[in-house]
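> Task: produce atomic coordinates for the following.
(chains A and B)
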Number of protein chains: 2
Amino acid sequence: MNNVVEDSVSVIPLLEFIHPQMERMRDIVHEIVAQVDEPLSSMLRRSLGGGKQLRPALVLLVGRMFDSGLEPFYSLAVAVHMLHTATLIHDDVVDGASIRRGRETLHMQWPAGAAILAGDYLLGQSTSLVAELEDPRLFKVFAAVLRTMCAGEIRQMVASQRQRPDWETYTCAIGAKTASLFAASTEMAAILAGADESQIAALRLFGRELGMAFQVVDDVLDFVGDEAQLGKPAGSDLRQGLITLPTLYYLERVRSDGCVNAVLSGLRDEEHVQAAIDAVCASGAIEASLADAQAYVRTCQEALASLPDNPARHMLHTIAEYVMHRSH
Amino acid sequence: MNNVVEDSVSVIPLLEFIHPQMERMRDIVHEIVAQVDEPLSSMLRRSLGGGKQLRPALVLLVGRMFDSGLEPFYSLAVAVHMLHTATLIHDDVVDGASIRRGRETLHMQWPAGAAILAGDYLLGQSTSLVAELEDPRLFKVFAAVLRTMCAGEIRQMVASQRQRPDWETYTCAIGAKTASLFAASTEMAAILAGADESQIAALRLFGRELGMAFQVVDDVLDFVGDEAQLGKPAGSDLRQGLITLPTLYYLERVRSDGCVNAVLSGLRDEEHVQAAIDAVCASGAIEASLADAQAYVRTCQEALASLPDNPARHMLHTIAEYVMHRSH
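Numbers count the residues shown, from 1 in each chain, chains lettered A, B, ... in the order given. Prediction:
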């Protein structure tokens, strides 16, 4: 899976281009966290520190693209980062996940109750940051994405217990749980920049398709990535009984499957999981999934055409390449 | 404890006065819940249906007091009711509470993960309702109270594990976890009604002091109420190791205590808990706590003086009496 694990397109150019802005964003996060009592402060510092921070980077890049005064974009970037982190904390409690980004999840180090409350606090803090921007339209997009993400997670939880999803259910689920926040991030940034309606729509589309590609690649990496890079064991989705795009394609292609269904029916020891991973990888399902991701990337890059042609826009284009070819 | 369990002042006059408005508020809740997929829809219907719904009633009464068009007040009342319910759902998961309002808590009937997500969904839905009102000042109050409540819950969680609270810690804790939402409810309603700054401040004060009284009485009822009326076993706080105002007064008065400290140190069987309840009730701590509640009620009723003198204002005055003398 060379096109997935190659590192030639990495997040590094992104970091160079907006490095000072990302640093400033992190400083604001630290300032906010420093005002909170222990142990919440440590919990927040720990959970807000990691990850690629791609969603706040998108907000800052849209700000740069429109050459806007960046101050309000920092607030929005922090709000988006905190909202995302809150959903990760809650998801980890819900899934009982013990490892994220190579480290123990929050609820493994502190009581699960404290992790739930820390997530709630971040929801409140991110809502406050958006409220301070005093734009009703921003607040509406923010509130809508919070609902969409929760409803999506609940649907996925129920679906994975009840029946096998089809392509449409899968697309709807990743749209709600992942692409919605990417779309809201770029849309809110466009609104904040005072972009016109067609540009706002273009940036929403950009975010949405980028988010779809991101999640498909994420689901592929769960099969082909290695544990050190992923920061969690491969095959985590299958182990949870979660059917993602590679498994969907596999089950469509391989009518006489035994090993994937064995895992899905509950045989989740190492041997069965590894056999299932190998079967999916050998079936062409990975390539089919990546072709879908590439199509999302194409649409998302095309959406940039109507936007100001400058280095920030080129950076957004490059991020789409990165999302396609990232290894973790 | 006659002044607590008497029923002469009940919630009934409140219900009569704004019965049609409360019904309309509940209809809106049902309409929103009906649009959600199962099982979330059932979870929400169940958790939104019970309780005294005092906070949304306050919102509607403030609307009535200012003779405002009531349509936006319904949205705000539903938002406040949903925010409150979301925090109850999460608190029950955090505390591992199995009974609320005489029924099994949500996370006992569905997986805890689903309950966490249902709470998050309600947070998102309530944020959406406030966003639709398009007033930045409302968003700010709403976002601030969400943060305050979460931070308060976390502080209480840590405090109850680490050290015994003093009166100030207790006051601060109930201010954050309870009075803040009462205050935000009446403040947001005043803002929505277009009240002037002094009236907004008066209604915020009214809500805050009412909330303080409400929580002190709640903490008293945990000692003197009966299980059928409370909808949960008496002595729940002590059993959780939670020190509330009656216990604080008791420990201040009874220097040679054995039985309360025994429960707080972990001896939480029925016999020890009942002995501790009896000791607190015999010490005068209940009366001292109720005197504090009465002082909050007095301040809250005085805050009404500057507001329009009409039946809705009289109703708010009566609600303060009800809060003081309620039995559940």
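> got a list of what residue A:96 touches?
residue B:113 (Cβ atoms under 8 Å, 6 or more residues apart in numbering or on different chains). C-betas here are computed from N, CA, C, even on glycine.
> State whether residue A:179 and residue A:211 are indeed in contact, as I suppose.
Yes: Residue A:179 lies in contact with residue A:211 (Cβ atoms under 8 Å); the separation is 3.2 Å.
> quick one: which of these two has more around it?
residue A:211 (28 against 24; other Cβ atoms under 10 Å in any protein chain shown).
> how close does the more buried one sit to chain B?
The gap separating residue A:211 from chain B is 18 Å, by Cβ to the nearest Cβ, to the nearest Å.
> Quick check: closest non-adjacent residue to the most centrally placed residue in chain A.
What sits nearest the mean C-alpha location of chain A, by Cα atoms, centre = their mean, is residue A:178, with 5.1 Å. Take residue A:178 and drop its neighbours on the chain: the residue closest to it by Cβ to Cβ, 6 or more residues apart in numbering or on different chains is residue A:215, 4.0 Å away.
> secondary structure element for the one you found?
Assigned by DSSP states H and E, residue A:215 belongs to helix A:197-224.
> If you count neighbours, what's buried in that helix?
The neighbour-count check on helix A:197-224 (16 or more other Cβ atoms under 10 Å in any protein chain shown) flags A:199-200, A:202-224 as buried.
> how far does it sit from the chain's center?
9 Å (Cα atoms, centre = their mean, to the nearest Å).
> Next, count neighbours for the nearest residue to residue A:50 once chain neighbours are set aside.
Counting by Cβ to Cβ, 6+ apart, residue A:101 is the residue found nearest to residue A:50 once chain neighbours are left out, at 4.5 Å. Other residues lying near residue A:101 total 16 when counted by other Cβ under 10 Å.
> Give me the local confidence score for residue A:101.
Model confidence at residue A:101, expressed as pLDDT, equals 72.
> Does the residue of the stretch 151-300 of chain A found nearest chain B lie in a helix or a strand, and which?
Nearest residue of the stretch 151-300 of chain A to chain B (Cβ to the nearest Cβ) works out as residue A:154 at 4.8 Å. Following DSSP H and E, one finds residue A:154 within helix A:136-162.
> thinking again about what came up before, am I right that the residue nearest to the centre of chain A is in contact with residue A:214?
Yes: here residue A:178 lies in contact with residue A:214, judged by Cβ under 8 Å, at a distance of 6.3 Å.
> And residue A:46, how far from chain B?
Taking Cβ to the nearest Cβ, one finds residue A:46 at 15 Å from chain B.
> what's the helix or strand for that residue?
Following DSSP H and E, one finds residue A:46 within helix A:40-49.
> and after that helix, which helix or strand comes next?
helix A:54-65.
> just to revisit the earlier point, summarise which helices and strands the helix holding residue A:154 is packed against.
helix A:71-95, helix A:112-132, helix A:167-174, helix A:180-192, helix B:112-132, helix B:136-162 (3 or more Cβ pairs under 8 Å, 6 or more residues apart in numbering or on different chains; DSSP states H and E).
> Format these as TSV; extra columns: mean neighbour count and mean pLDDT.
Below are the helices and strands packed on helix A:136-162 laid out as TSV (neighbours: other Cβ atoms under 10 Å in any protein chain shown; pLDDT from 0 to 100):
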stretch	mean neighbour count	mean pLDDT
helix A:71-95	24	94
helix A:112-132	25	93
helix A:167-174	17	91
helix A:180-192	26	98
helix B:112-132	25	93
helix B:136-162	21	85
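> And these: which comes nearest residue A:248?
Nearest to residue A:248 among these is helix A:167-174 (5.9 Å), distances taken as Cβ to Cβ.
> Just give me how far stretch A:114-131 sits from the chain centre.
With Cα atoms, centre = their mean, you get 18 Å for stretch A:114-131.
> wait, does it contact chain B?
Yes: against chain B, stretch A:114-131 shows contacts by Cβ under 8 Å from any Cβ of the partner chain at A:114, A:116-121, A:123-125, A:127-128, A:130-131.
> Ok, stretch A:18-28 next?
No: Stretch A:18-28 lies apart from chain B when judged by Cβ under 8 Å from any Cβ; the minimum separation is 15.9 Å.
> what mean pLDDT does that stretch have?
pLDDT averaged over stretch A:18-28 gives 93.
> Tell me which residues of that stretch come out buried.
Those would be A:18, A:21, A:22, A:24, A:25, A:26, for stretch A:18-28 by 16+ other Cβ under 10 Å.
> I'd like those residues as CSV, with secondary structure appended.
What follows is the buried residues of stretch A:18-28, written out as CSV (DSSP: H, G, I helix; E, B strand; the rest coil):
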residue, secondary structure
A:18, coil
A:21, helix
A:22, helix
A:24, helix
A:25, helix
A:26, helix
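> For the residues you listed, please prepare a markdown table with the additional fields distance to residue A:95.
Shown next, in a markdown table, are the buried residues of stretch A:18-28 (distance: Cβ to Cβ, whole Å):
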| residue | distance to residue A:95 |
| --- | --- |
| A:18 | 32 |
| A:21 | 33 |
| A:22 | 28 |
| A:24 | 33 |
| A:25 | 28 |
| A:26 | 27 |
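> residues in contact with the residue nearest to the centre of chain A?
A:211, A:212, A:214, A:215, A:218.
> Reformat these as JSON lines; add pLDDT.
What follows is the contacts of residue A:178, written out as JSON lines (pLDDT from 0 to 100):
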{"residue": "A:211", "pLDDT": "98"}
{"residue": "A:212", "pLDDT": "98"}
{"residue": "A:214", "pLDDT": "97"}
{"residue": "A:215", "pLDDT": "97"}
{"residue": "A:218", "pLDDT": "94"}
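> Between those, which sits nearest residue B:71?
The nearest member of the contacts of residue A:178 to residue B:71, counting by Cβ to Cβ, is residue A:211 at 35.6 Å.
> Tell me how far that closest one lies from residue A:112.
28 Å (Cβ to Cβ, to the nearest Å).
> Does the residue of chain A most remote from its centre belong to a helix, a strand or coil?
Within chain A, the residue lying farthest from the chain centre (Cα atoms, centre = their mean) is residue A:256, at 33.6 Å. Residue A:256 falls in the coil class when you classify it by three-state DSSP.
> what's it sitting at in phi/psi?
phi -100, psi 30 (degrees, to the nearest 10).
> Repeat that for residue A:99.
Residue torsions, per degrees, to the nearest 10, at residue A:99 are phi -130, psi 130.
> can you pull the contacts of it?
For residue A:99, the contact set (Cβ under 8 Å, 6+ apart) comprises A:105, A:231, A:232, A:233.
> Apart from its chain neighbours, what residue comes closest to the second one?
By the measure of Cβ to Cβ, 6+ apart, the closest residue to residue A:231 outside its immediate chain neighbours is residue A:102, 3.6 Å from it.
> OK, contacts around the one you found?
A:228, A:231, A:232.
> Drop anything exposed from the residues you listed.
residue A:232.
> Make CSV out of the contacts of residue A:102 and add distance to residue B:311 and secondary structure.
Formatted as CSV, the contacts of residue A:102 follow (distance: Cβ to Cβ, whole Å; DSSP: H, G, I helix; E, B strand; the rest coil):
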residue, distance to residue B:311, secondary structure
A:228, 70, helix
A:231, 62, coil
A:232, 61, coil
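> Redo the contacts of residue A:102 as JSON lines? Include pLDDT and distance to residue B:307.
Below are the contacts of residue A:102 laid out as JSON lines (pLDDT from 0 to 100; distance: Cβ to Cβ, whole Å):
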{"residue": "A:228", "pLDDT": "72", "distance to residue B:307": "65"}
{"residue": "A:231", "pLDDT": "72", "distance to residue B:307": "57"}
{"residue": "A:232", "pLDDT": "73", "distance to residue B:307": "57"}
